[in-house]
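In: give the three-dimensional model of this entry:
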Amino acid sequence: MIQNKPLKDIHREIRAKVREVLEQAPELAEIKRIVYGEKVRVGTLLTPAIWIVPEPYAPNLVGGKTADHDIRFNFVVLVKANDPEQALEKAHDLALTVYDVLVKDRTLGGTVSDVRPTQVDPAYEMGNNTQVCWSAVQFDFRVKRRE
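Out: You can find the predicted model right below:
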């Protein structure tokens, strides 16, 4: 499916559909907040939370007036706990659950032509804060667009 929509509208639709899929997944019912964007205040964030971080990508020109856009997002799961080992394990488990939820429908209900997993990050402590841990999965959402 080749789209003719403005790129900003395509991005908005993907963000909205991804958020909807994550919010409606029963496996992620314990997630307290889904945040989008570059900055998040970790100290005040209710966890577990999913932080959706847009990543750079390069469109691939495929023909005279067509390009593949592999629109990339990181899905970072943040977990606070008094026990760092427990937080690490929980963050990793939830990130892998996000992975499973997003690959269930490889077209996001027809919003994109393919959902492609690109990276899985194991769990880490957040800087010097041993009470906040994170783990992430990264996906490309492929859209073919007439340009």
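In: can you show me the helices along the chain?
Out: Applying DSSP state H to the chain gives helices spanning 7-24, 84-103.
In: distance to G110, mean neighbour count and mean pLDDT added to the ones you listed, as TSV?
Out: Where C-beta positions appear, they are placed from N, C-alpha and C, glycine not excepted. Formatted as TSV, the helices of the chain follow (distance: least, CB to CB, whole Å; neighbours: other CB atoms under 10 Å; pLDDT from 0 to 100):
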stretch	distance to G110	mean neighbour count	mean pLDDT
helix 7-24	9	15	96
helix 84-103	15	19	94
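In: given the helix or strand of the chain with the lowest mean pLDDT, what are its sheet partners and their directions?
Out: Lowest by mean pLDDT, DSSP states H and E among the helices and strands of the chain is strand 2-3, with a mean of 80. Paired with strand 2-3 in the same sheet, following DSSP bridges, are strand 129-146 (parallel).
In: identify each buried residue in the partner strand, please.
Out: 131-145 (16 or more other CB atoms under 10 Å).
In: so for the most centrally placed residue in the chain, what pLDDT did the model give?
Out: Taking CA atoms, centre = their mean, the centroid of the chain lies closest to F75, which sits 3.2 Å from it. On the pLDDT scale, F75 is placed at 97.
In: repeat that for the one 3 residues further on.
Out: Looking at L78, its pLDDT stands at 92.
In: so it sits against M126, correct?
Out: Yes. Using CB atoms under 8 Å, L78 is in contact with M126, at 7.2 Å.
In: which one's more surrounded, these two?
Out: L78 (25 against 17; other CB atoms under 10 Å).
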